[in-house]
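Colleague: A structural model of the following input is requested.
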Amino acid sequence: MAETAREVVQRYFRQPFDIEHKADETPVTIADREAETAMRGMIAETFPSHGIIGEEHGRDRPEADFVWILDPIDGTKRFISGHPQFGTLIGLLHRGRPILGVIDMPVMDERWLGAAGHPTTHTDSQGTREVRVRACAALAEATLFATSPHMFAGTDFTAFERVRTRAGMPLYGTECYGYGLLASGFADLAIEADMGIYDYLPLVPVVEGAEGAMTDWAGAPLGLESDGRVIAAGDPRCHAAALALLTGP
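Modeller: Next up is the predicted model:
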């Protein structure tokens, strides 16, 4: 599925195409829609009883035991602007629990695969290898990722700032790529808000399979009913320290 979506996306990358805007004013392109259509077709042919929830084409049998979560282009604004750091996200839920996740970077030629009960792997031009998060004892030593400071509003911004001001190196603009880097042991925290289920559910098995943790801001497991505020950490000590700051002064 990742290879099929990659072929579609690469065909449109840095080429002229129309840009539309959805009801929430976020952009969408023909590449988003064609890539999701192609993946849906593969699922329907191979697993006709499975459900699908896709960012561009909606829900089909979401009550099924197995449900696929599809985000054909995570980082559409980057894709539109010709920036290569965008990804395709593929997730599989079993009775609401994320059990498989893929982060595919079509232009950068990298891919992370996470599955329950298996170590996360990273594939690039050098081959495929197992990856693992790194130790980080304190927030003051942590590299912190967030896609943008603008995704935090009101009390969420205040809570995020409590963590950011204590983190050793806050960085923005990572999108889904940051979670792959965290799983590979190059970063320590990722904190985000205002996310859709397509944005975070496929990431959970990747982080957990690398022995990291990924929860909501209350420390609860992520699922279809989560509120879009997520925290991922490589070290449980960092996770606990960041959670404490997110939930209180």
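Colleague: flag the shaky bits of the protein, pLDDT-wise.
Modeller: In the prediction, the chain carries residues with pLDDT under 70 at positions 24-25, 249.
Colleague: pop the domain breakdown of it in here.
Modeller: With domains defined by automatic domain parsing, the chain comprises 2-130, 139-247.
Colleague: packing partners for the host helix or strand of Ala38?
Modeller: Ala38 belongs to helix 30-46 when elements are defined using DSSP states H and E. If contacts are counted by 3 or more C-beta pairs under 8 Å, 6 or more residues apart in numbering; DSSP states H and E, helix 30-46 sits against helix 2-12, strand 51-54, strand 66-74. Where you see a C-beta, it was placed from the backbone N, CA and C, and this is true even at glycine.
Colleague: tell me which of those sits most buried.
Modeller: Across the helices and strands packed on helix 30-46, averaging neighbours per residue (mean count of other C-beta atoms under 10 Å) puts strand 66-74 on top, at a mean of 25.
Colleague: ok, it: who's next to it in the sheet?
Modeller: strand 51-54 (parallel), strand 87-94 (antiparallel) (DSSP bridges).
Colleague: distance to Thr143 added to those, as JSON lines?
Modeller: Listed next are the strands paired with strand 66-74 as JSON lines, based on distance: least, C-beta to C-beta, whole Å:
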{"stretch": "strand 51-54", "distance to Thr143": "31"}
{"stretch": "strand 87-94", "distance to Thr143": "19"}
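Colleague: to Phe66, which of those lies closest?
Modeller: strand 87-94 (5.7 Å; C-beta to C-beta).
Colleague: output the closest one as CSV - backbone C-alpha positions only.
Modeller: Provided in CSV are the C-alpha atoms of strand 87-94 (Å, rounded to 0.1, in the frame of the first residue of the first chain):
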residue,chain,number,x,y,z
GLY,A,87,4.6,11.4,4.5
THR,A,88,2.0,8.8,3.9
LEU,A,89,0.5,7.3,7.0
ILE,A,90,-1.1,3.9,7.2
GLY,A,91,-2.6,2.4,10.3
LEU,A,92,-4.6,-0.7,11.3
LEU,A,93,-6.8,-0.9,14.4
HIS,A,94,-8.1,-4.1,16.0
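Colleague: done for today, thanks.
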